[in-house]
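I would like to see how this sequence folds:
(chains A and B)
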Amino acid sequence: MTRPATAYGYLAARLAQAVFVLWAAYTLSFVILYILPSDPISIMLNQGDGLADPAQVAALRAAYHLDQPLPVQYAIALGHALTLDLGNSIQTGQSVAGMLAQAAPATAALALCALVAALVLGVLLALAASNTQTPRLRQLLHSLPSLGVCLPTFWIGLLLLQWLSFGVPLFPAMGNEGWRSLVLPAATLAVPTAATVAQVLLRSLEGVWRQPFIHALRAKGLTRVRLLLGHVLPNAAIPLLTMAGLIMGNLLAGSVVTETVFSREGIGRLAQSAVAVKDIPVVQGVVVLAATVFVLVNLAVDLAYPLLDARITRQRGRALA
Amino acid sequence: MQCSEFHNRADGCRRAPETAAGKKAALPRLPGFRLTTALLLLCGAVLGPTAMAATPQAGGTLRVALDGDPQCVDPQQPGNNTALNIGRQITDSLTDQDPKTGAIVPWLATRWKVEDDSRSFTFVLREGVTFADGSPLDADAVRANLEGIVKLGARSSLGSTYLAGLDRVDTPDAHTVVIRFKDANAQFLQATSTMSLGLLSKATLAKSPEERCQGQVVGSGPFVLQSFVHNQAVKLKRRDDYAWGSSLAAHPGRAWLDGIEFRVIPESGVRTGSLVSRQIDVNTSVLPQDEKVLQAQGLPILARSNPGLVYSLYPQESLPIGGDIAVRRALVKGINRPELQTILSQYQRAATSLLAQTTPLYIDHTADLAYDPEGAIKLLDDAGWKPGADGIRVKNGQRLTIPLEYWQSVTYLELVQQQLRAIGIDLQLKKSVIGQVNAKRDSGQLALQFYNLTRADPDILRTVFLSSGRNVNFRQPAEVDDILARSATTLDTDTRRKLVDQAVTLLLRDGHAIPLVELATVGATGKNVHGLHYEASSRLQFFDTWIEK
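Next up, the predicted model:
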């Protein structure tokens, strides 16, 4: 078997897996939403007073196929989803694709800024912790990542607002306008992610320092800095890449809270408000989008491994042959 | 009497007299200005020296925080306060309602006539009124709006109930509308003052309900909708040629503000912090935990009870426990309302009737709601409910357990639970989400419903309790139905007040409703915001609002 064929086979298997994950996410969210005893139409019509005429309510329900048996509703929704028609919001009547398209750039900007900040912070913290020789300081730096992972996003957001918006008016407390409105939310979202990055990198750095090839290189006379930058860090960074999917998931999940606290437009906010009013097509749309991002990131990571680490290609080639 | 309209916070009239007097000499002597000054002085004379106003200043954009997405900005469709607060600014109504007296006063209709036992209503329209797209607001436009609301059906959750039983709308001339109902419908006159029956241009009526919700809505109001981004912001801009404010408005002509920017800020702490740090000018939803901070900062708080039904429990009488009149009566007697007051925000009140104090024709029913645990215990004993081993009463092997599923954020139900436990009733609280509660309600599974309903007319009693209507209790027809039906046939205040009073007495006597707490709408503003007040249904009216620079 030639190598390209193996690579294509690998790619096809990964793509099939990706499609399965998407379908599973879609189906699971559909089932969960429908099991919940709730009615989007009655929520749409009023805030709980139920003054509307039952016959008119039934007509509306029929218009959204909500009176059909569950499998029929599922078939209709899946059929539309396959043709990339995500339907319309029950609450507002807007097209779900349009709502996602409007919200996605804001979340993408937020997530990207948070990711960059988290990587910088996390890597710096891990390096500082692993290179500090003073025992007390070293202990403190080692405990920071665990602390950061424990801090609730909600609380960090409110704290930053209290200091840097309400106390000292440096940044606006709300909205999407301008780079200044991005600073506090991105910082809020970056803290737990940075902590995760630092945790993983720190452990992996310590592992690599103990590897025999490091001892060999050190014996050859390389300085600690050259060792770190040229050999330790590149090797220690591979587990981080494995975590890319997880980090993306964290950022998307964190955006629900962050966007709510900072009154920002975005996918997280859209998801939160749609769940609250059981706007099924919108929730489904968000799930599909999030699953797609997740799948794509993982796919990209899988395909990037061989480029970064020759050993992985060789092992895989042997396994597939 | 311009300033008497500032009923909640007379800040339009309260500001230091020296400001007006001091600036008087320096300002140009325009006739309009002199009139304003004269009116201000009149205010001072009426309301005393502390109730004098600074001169309103035109201009500026008011930044207003909402606590949730309005979902739909068409005033005729939604039922939630957030959306109605916006809808009120872009649409006008045939009449207006004085929040202090409940009286219906002219707005787009200069006069009207109610005939045939409140079946026929004739309105004469003000001339020269136009919608923001330039089309005339005439009799035909009114007819098209009313018929359009009927066609919206359930989508107009409030408006369609106001128009139930509409027979036909005639337009004998361009400025006269005659509206006929099949049955007596006295509430319709008050309904014409609400934004739910606010008037929209014919071009708007031709759009789909969804398009209208998304912002394709043109009214005749003092502000025009500029943009609407879900979960973010709604921007309104002043209409410069507006000249038909309600007879309750404190000034003629157009609004003072250049525009209003509503921002959706879901977190209460962020709304409070933003108001204190002057990033917003108005917070429309102040939670009890934030009141102290705002008071400490000296920021004005706007509070008003919501008229209509107070937060009450409504038993489902087709179920065994709800069907037991002794249990229902014991529930009314077993709740210590003065004690509830101790844990409420200072702006909320324990219920004193089934209707809130701001409802027209309200009468105090404190005596019917007196705390009487001995009386409650005797009722239950006599009905065969005997205390079991754990203190909860039992009858024929069935425990006196009543589940209460609700979604609202209220803090006093735990206290109610404790109070009822003392008389041997086990109230089981289950906090849930609105959709779930509604679904259970519609399938008739809720032993107790719990909610309030805002309506500045006592007809809300008929809407909710009439056995041939919504019949919240699932009960059999009774004496009270006849009284409720009669209350819809007359607009004579005294007759109507008597009928409403009788209906409330009967509903409370038989425990069809167990009133708990009056909801209050609580907002706050920056110190530089003046002339903002609640209209009769406790929704915000920005026409007279101005920003001090």
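
Going by C-alpha atoms from here, please, whenever you check contacts or count neighbours.
Will do.

Could you list the low-confidence segments of the stretch 101-250 of chain B?
By pLDDT under 70, the stretch 101-250 of chain B contains no weakly predicted segment.

what about the helices in the stretch 1-150 of chain B?
Using DSSP state H, counting those that start in this stretch, the helices assigned to the stretch 1-150 of chain B run over residues B:11-14, B:17-24, B:31-47, B:81-90, B:139-152.

of all the residues in the stretch 151-300 of chain A, which ones are close to chain B?
A:158, A:161-162, A:165-167, A:169, A:172-175, A:260-265, A:269-270, A:276-278 (C-alpha under 8 Å from any C-alpha of the partner chain).

Pick out the residue in chain A sitting closest to chain B.
The nearest approach of chain A to chain B comes at residue A:38, 4.1 Å away (C-alpha to the nearest C-alpha).

ok, now which ones touch that residue?
Each residue near residue A:38 by C-alpha atoms under 8 Å, 6 or more residues apart in numbering or on different chains is listed here: A:278, B:434-439.

now, which of the residues of the stretch 151-300 of chain A next to chain B lie within helices?
Using DSSP state H, the members of these that fall in helices are A:158, A:161, A:260-261, A:269-270, A:276.

Quick one: buried ones out of those?
The neighbour count (16 or more other C-alpha atoms under 10 Å in any protein chain shown) marks A:158, A:161, A:260-261, A:269-270 as buried among these.

Could you identify the most distant pair in these?
Maximum pairwise distance among these (C-alpha to C-alpha): 21.8 Å, between A:161 and A:270.

Find the nearest non-adjacent residue to the residue nearest to the spatial centre of chain A, please.
Closest to where the C-alpha atoms of chain A average out (C-alpha atoms, centre = their mean) is residue A:249, at 2.4 Å. The shortest distance from residue A:249 to any non-neighbouring residue, by C-alpha to C-alpha, 6 or more residues apart in numbering or on different chains, is to residue A:294 (6.8 Å).

Ramachandran coordinates for the one you found?
For residue A:294, the backbone dihedrals are phi -60, psi -50 (criterion: degrees, to the nearest 10).

mind checking pLDDT for it?
Among the per-residue scores, residue A:294 holds a pLDDT of 87.

helix or strand right after the helix ranked longest in chain A?
Ranked by number of residues, the top helix in chain A under DSSP H is helix A:96-131. With elements assigned by DSSP states H and E, the helix or strand that comes after helix A:96-131 is helix A:135-150.

any idea of the angle that next one forms with helix A:96-131?
In terms of direction (axes from the mean of the first three to the mean of the last three C-alpha atoms, to 10 degrees), helix A:135-150 departs from helix A:96-131 by 170 degrees.

so what does helix A:135-150 touch, helix or strand wise?
Helix A:135-150 is packed against helix A:96-131, helix A:180-209, with contacts defined by 3 or more C-alpha pairs under 8 Å, 6 or more residues apart in numbering or on different chains; DSSP states H and E.

With mean neighbour count and mean pLDDT as new columns, can these be given to me in CSV?
Shown next, in CSV, are those (neighbours: other C-alpha atoms under 10 Å in any protein chain shown; pLDDT from 0 to 100):
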stretch, mean neighbour count, mean pLDDT
helix A:96-131, 19, 93
helix A:180-209, 23, 93
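
from what I can see residue A:60 touches residue A:41, true?
Yes: under the criterion of C-alpha atoms under 8 Å, residue A:60 makes contact with residue A:41 at 7.3 Å.

okay, these two: which has more neighbours?
residue A:41 (24 against 19; other C-alpha atoms under 10 Å in any protein chain shown).

How about the more buried one, nearest residue that isn't a chain neighbour?
Once flanking residues are discounted, residue A:41 sits nearest to residue A:61: 6.5 Å by C-alpha to C-alpha, 6+ apart.

On the three-state scheme, that neighbour is what?
helix (DSSP: H, G, I helix; E, B strand; the rest coil).

Return the distance of it relative to residue B:311.
For residue A:61, the distance to residue B:311 equals 29 Å [C-alpha to C-alpha, to the nearest Å].

what's the answer for residue B:277, then?
34 Å.

Those two: which has the busier surroundings?
When residue B:277 is set against residue B:311 and neighbours are counted by other C-alpha under 10 Å, the residue ahead is residue B:311, at 22 against 17.

Beta-bridge partners for residue B:541, please?
Going by DSSP bridges, residue B:541 is paired in beta bridges with residue B:533.

OK, contacts around it?
B:85, B:88-89, B:532-535.

Please apply the same query to residue B:146.
B:163, B:197.

how much space between it and chain A?
Residue B:146 sits 17 Å away from chain A, going by C-alpha to the nearest C-alpha, to the nearest Å.

likewise residue B:273?
6 Å.

which SSE is that residue in?
Taking DSSP H and E as the definition, one finds residue B:273 inside helix B:268-276.

Now do residue A:312, the pLDDT please.
Per-residue confidence (pLDDT) for residue A:312: 64.

helices or strands up against the longest helix of chain A?
Short answer (3+ C-alpha pairs under 8 Å, 6+ apart): helix A:96-131 packs on helix A:135-150, helix A:180-209, helix A:244-261, helix A:267-276, helix A:280-308.

Return the residues of the stretch 251-400 of chain B in contact with chain A.
Near chain A, when you scan the stretch 251-400 of chain B using C-alpha under 8 Å from any C-alpha, you find B:264-267, B:270, B:273-274, B:276-277, B:279.

Who wins on neighbours among those residues?
Neighbour tally across these (other C-alpha under 10 Å): the maximum, 29 neighbours, falls on residue B:265.

For residue B:5, give me the pLDDT.
pLDDT for residue B:5: 31.

What distance do you get for whatever residue of the stretch 1-150 of chain B ends up closest to chain A to residue B:542?
Closest contact between the stretch 1-150 of chain B and chain A, by C-alpha to the nearest C-alpha, is at residue B:79 (5.2 Å). Computed as C-alpha to C-alpha, the residue B:79 to residue B:542 distance reads 19 Å.

what do you get for residue A:125?
Plainly put, residue A:125 is 52 Å away from residue B:542 if you go by C-alpha to C-alpha.

With residue B:81 instead?
15 Å.

Which one's more surrounded, those two?
Taking other C-alpha under 10 Å, residue B:81 and residue B:542 do not tie; residue B:542 has more neighbours (24 against 20).
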